[in-house]
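Q: can't give you the sequence, but here's the structure:
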């Protein structure tokens, strides 16, 4: 089954404690991306990647890091989480081949930073 | 950079009534356009997409959307709403960037929450 898998689904952490949210896709997609969803703000892009070792900032990259060492994985790293990073996070992937550019989303990771 | 505006934050309709959710985009060329639905506690599910060709696009769950280039719009419609359609709906535009071949960026609107009265 084609899917994007995020882990964990729910996470509570303390300010300043480094954490990683994993994202994995099994569709051999080139494009992967992280979004955060906040009430009244919709989805905002944090980082995206067009392929292995190719990443770029989205609209709200501050406080986040990503890496793309393998095509299937795109972890989101918070080196020093702060309460304003409490949010619902979504990972997405998409093919860049032809016109089949719809994005597939993971189930989301709800992060609370206290 | 492209942008998406969904003018309506919250819409309430009666079950069986027709529905239209508005979406306007800003982009210099013809973008890829999408509508996603998010049910409470769930991820996003693609309803329909427009890449080129016929400007009236049919999607899942009885939804359709029409691309109007002159109005930079991609409004979502459904002739008869069901209670299970209550959710949040996101319009998105996908457009190539100019930072390299194959660059691609997906931008979302802020969403429209749909409530359905039985």
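A: Cool, the structure landed. In this text the structure is predicted, and so the values were computed from the model without any measurement.
Q: worst-scoring helix or strand of chain A, pLDDT-wise?
A: Here the helix or strand of chain A ranked lowest by mean pLDDT, DSSP states H and E is strand A:103-105, holding a mean of 87.
Q: any idea how far the residue of chain A found nearest chain B is from residue A:2?
A: For chain A and chain B, the shortest gap (C-beta to the nearest C-beta) falls at residue A:42, measuring 3.5 Å. Placement of C-beta: from N, CA and C, glycine included. For residue A:42, the distance to residue A:2 equals 25 Å [C-beta to C-beta, to the nearest Å].
Q: Looking at the two, which one has more neighbours?
A: residue A:42 (21 against 10; other C-beta atoms under 10 Å in any protein chain shown).
Q: pLDDT score assigned to the closest residue to that one other than its chain neighbours?
A: Nearest-residue entry for residue A:42: residue B:110, 3.5 Å, with adjacent residues in sequence omitted and distances by C-beta to C-beta, 6 or more residues apart in numbering or on different chains. The score at residue B:110 is 92. That number is its pLDDT.
Q: Partner strands of the lowest-mean-pLDDT helix or strand in chain B and their direction?
A: Taking mean pLDDT, DSSP H and E as the measure, strand B:105-108 is the helix or strand of chain B with the lowest mean score, a mean of 78. Sheet pairing for strand B:105-108, assigned by DSSP bridges, gives strand B:87-95 (antiparallel).
Q: which residues does the residue of chain A closest to chain B contact?
A: Applying C-beta atoms under 8 Å, 6 or more residues apart in numbering or on different chains to residue A:42 gives the contacts B:6, B:90, B:108, B:109, B:110, B:111.
Q: helices or strands up against the strand or helix carrying residue A:20?
A: Residue A:20 belongs to strand A:19-25 when elements are defined using DSSP states H and E. Packing partners of strand A:19-25 (3 or more C-beta pairs under 8 Å, 6 or more residues apart in numbering or on different chains; DSSP states H and E): strand A:4-7, strand A:10-13, strand A:31-38, strand A:76-78, strand A:87-94, strand A:109-113.
Q: who touches it?
A: A:3-8, A:11, A:13, A:32, A:34, A:72-78, A:81, A:89, A:91, A:93, A:104, A:106, A:109, A:111.
Q: Any chance of a PyMOL selection covering the buried ones in these?
A: This is the PyMOL syntax for the buried subset of the contacts of strand A:19-25, where burial follows 16 or more other C-beta atoms under 10 Å in any protein chain shown:
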select buried, chain A and resi 4+6+11+13+32+34+72+73+74+75+76+78+81+89+91+93+104+106+109+111
